[in-house]
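Participant: Provided below for reference: sequence and predicted model.
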Amino acid sequence: MSLDFSLHQWVAIVVIFACTGFVRSGIGFGGAAIGLPLLLLVENAPLVFLPVIGLHLLVFTTLTAGGRLENIDWGFVRRSMGWMIVPKILGVIGLLSLPTRWMVIFVFSITAAYAVSWIAQREIRSRSAWFDRVLLLIGGYVSGASLVGAPLIAAVAIREVELRRYRDTLFVLWFLLVVIKMSAFAVAGVDLQVEMGLWLLAPAAVGHVIGLRFHEHMISGNSAQVKRWLGSGLLLVSMAGLMQTLAQ
């Protein structure tokens with residue numbers, strides 16, 4: 001797909017990737033859930049933006065968690081990947097085979113649901129082992145289809161992983177899930193947009209560094225209010241995106 005974006009589109013893309021980096025490192029998940037709907041408003045092209053988001057996830061999760069391997073709950077990583085790997089692959093197949101318009105609607109709809117849960121402070125919470133598995137199965141598929149399945153997976157991790165190990169454990173999961181997705185893209189001949197990804201590393205890095213500092217402040221304060229603000233903005237964007245896509 002052509003990357004012949006206008007100047008105002010490139011400015012928007014740079015700002016969005018800075019915000020994505022901030023959210024990813026600030027709360028440990030949600031960077032793609034925040035960034036992808038905004039990027040799809042700039043251009044309805046999931047297969048252009050998803051490889052760039054995936055590349056950034058690989059880089060920044062490695063930088064953040066790579067030196068903190070002793071702080072990772074490897075038992076949870078093994079258990080959760082065992083449930084997620086098959087639906088993850090099925091999700092990638094769905095992304096590559098379904099019409100782009102369907103995938104755009106799917107992404108906006110899922111993201112709007114997450115936003116409402118954040119605003120209402122009724123986040124998805126796991127209450128049983130079987131419910132955990134259902135969330136992981138769905139989260140694996142959604143992450144394969146769009147990279148916005150993180151809130152479902154995080155809902156299980158919140159119950160099973162110590163708070164001090166939570167973000168680093170999630171980062172390892174994101175790394176493994178993205179490796180599967182990027183490998184599938186490469187096998188299918190999808191352009192991985194490496195050059196675009198490298199150019200956008202700088203704004204994403206700025207957001208990442210600010211997010212690291214914010215994370216330390218957030219875990220010692222009230223994160224619910226932060227998610228409520230994020231959810232409000234995300235809901236507006238998702239509704240606008242759905243109306244724009246459905247009107248086409």
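Facilitator: Okay, I see it. Residues are numbered from 1 along each chain as shown.

Participant: Just give me the neighbour total for Ile138.
Facilitator: For Ile138, the neighbour count with other C-beta atoms under 10 Å is 18. In this view, the C-beta of every residue, glycine as well, is placed from N, C-alpha and C.

Participant: what about the nearest residue to it once chain neighbours are set aside, how many neighbours?
Facilitator: Nearest residue to Ile138, sequence neighbours excluded (C-beta to C-beta, 6 or more residues apart in numbering): Leu152, at 5.6 Å. Leu152 has 24 neighbours, counted by other C-beta under 10 Å.

Participant: Kindly provide the distance from Leu152 to Leu7.
Facilitator: Remark: distance between Leu152 and Leu7 (C-beta to C-beta, to the nearest Å) = 37 Å.

Participant: How about Ala129?
Facilitator: 52 Å.

Participant: Repeat that for Val52.
Facilitator: Applying C-beta to C-beta to Val52 and Leu7 gives a distance of 19 Å.

Participant: Check whether the most centrally placed residue in the chain sits in a helix, strand or coil.
Facilitator: Centroid-nearest residue in the chain, with C-alpha atoms, centre = their mean: Ala32, separated by 3.0 Å. Following DSSP: H, G, I helix; E, B strand; the rest coil, Ala32 is assigned to helix.

Participant: same question, Asp191
Facilitator: Per three-state DSSP, Asp191 ends up coil.

Participant: Count the neighbours of it for me.
Facilitator: 14.

Participant: For Val52 and Leu7, work out which one has more neighbours and name it.
Facilitator: Per other C-beta under 10 Å, whichever of Val52 and Leu7 has more neighbours is Val52, with 25 against 7.

Participant: what packs against the longest helix along the chain?
Facilitator: Ranked by residue count and defined by DSSP state H, the top helix of the chain is helix 163-188. Here helix 163-188 touches helix 46-65, helix 74-97, helix 129-146, helix 150-160, going by 3 or more C-beta pairs under 8 Å, 6 or more residues apart in numbering; DSSP states H and E.

Participant: Quick check: which of the ones you listed is nearest to Met243?
Facilitator: For the helices and strands packed on helix 163-188, the distance to Met243 is smallest for helix 46-65, at 18.1 Å, taking C-beta to C-beta.

Participant: so how far is the closest one from its chain's centroid?
Facilitator: 9 Å (C-alpha atoms, centre = their mean, to the nearest Å).

Participant: and if you look at stretch 76-94?
Facilitator: Worked out by C-alpha atoms, centre = their mean, stretch 76-94 lies 15 Å from the chain centre.
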